[in-house]
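Peer 1: A predicted structure for the sequence below; I have some questions about it.
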Amino acid sequence: MKLRQFFLFGFILCILIINISSIDSDLEGDDEDSSSVEDSQRSTMAERSMDSRSYSGACASSPCEHGGICTPRGQRLFDCKCVGPWRGVYCGID
């Protein structure tokens, strides 16, 4: 029984490592400058679903509200820099 638990734990750990690796590669994006994420505490990352018919970038639909500035991160990610008292993924929380 202990051998089965050991292999199950190893399998779960392996899946977690694979998932973390894929998240890291998505966060790297196309450009190497990730300082804007570190510069602002109000910056948030959000994954956007892609519609192949209308997709022309993660910021194409202007997802940031209340004057937030959208910066694409890779193909499916974007960063909303919120201004003033606004915060949240889409700068919609006061």
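Peer 2: Looks like it came in fine.
Peer 1: use CA for all of it now, contacts and neighbours both
Peer 2: Noted.
Peer 1: Could you report the neighbour count for I15?
Peer 2: Other residues lying near I15 total 11 when counted by other C-alpha atoms under 10 Å.
Peer 1: F9 now?
Peer 2: Applying other C-alpha under 10 Å, I find that F9 has 11 neighbouring residues.
Peer 1: Pretty sure it sits in a helix.
Peer 2: Yes. F9 sits within a helix when classified using DSSP: H, G, I helix; E, B strand; the rest coil.
Peer 1: Can we start the residue count at 58 from this point?
Peer 2: From this message on, residue numbering opens at 58, which makes the last subject F66.
Peer 1: residues contacting it?
Peer 2: Under the criterion of C-alpha atoms under 8 Å, 6 or more residues apart in numbering, F66 has no neighbours.
Peer 1: gap between it and P142?
Peer 2: F66 is 44 Å from P142, where distance means C-alpha to C-alpha, to the nearest Å.
Peer 1: Now do the strands in this structure.
Peer 2: Applying DSSP state E to the chain gives strands spanning 101-104, 126-130, 134-138.
Peer 1: List the strands paired with the last one, with their directions.
Peer 2: According to DSSP bridges, strand 134-138 forms sheet pairs with strand 101-104 (antiparallel), strand 126-130 (antiparallel).
Peer 1: Keeping just the C-alphas, turn that strand into CSV.
Peer 2: Extracted in CSV, the C-alpha atoms of strand 134-138 (Å, rounded to 0.1, in the frame of the first residue of the first chain):
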residue,chain,number,x,y,z
LEU,A,134,-2.4,37.3,-21.5
PHE,A,135,-2.7,41.0,-20.7
ASP,A,136,-1.8,43.3,-17.9
CYS,A,137,-4.2,46.1,-16.8
LYS,A,138,-2.4,49.0,-15.1
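Peer 1: Nice, that's everything, thank you.
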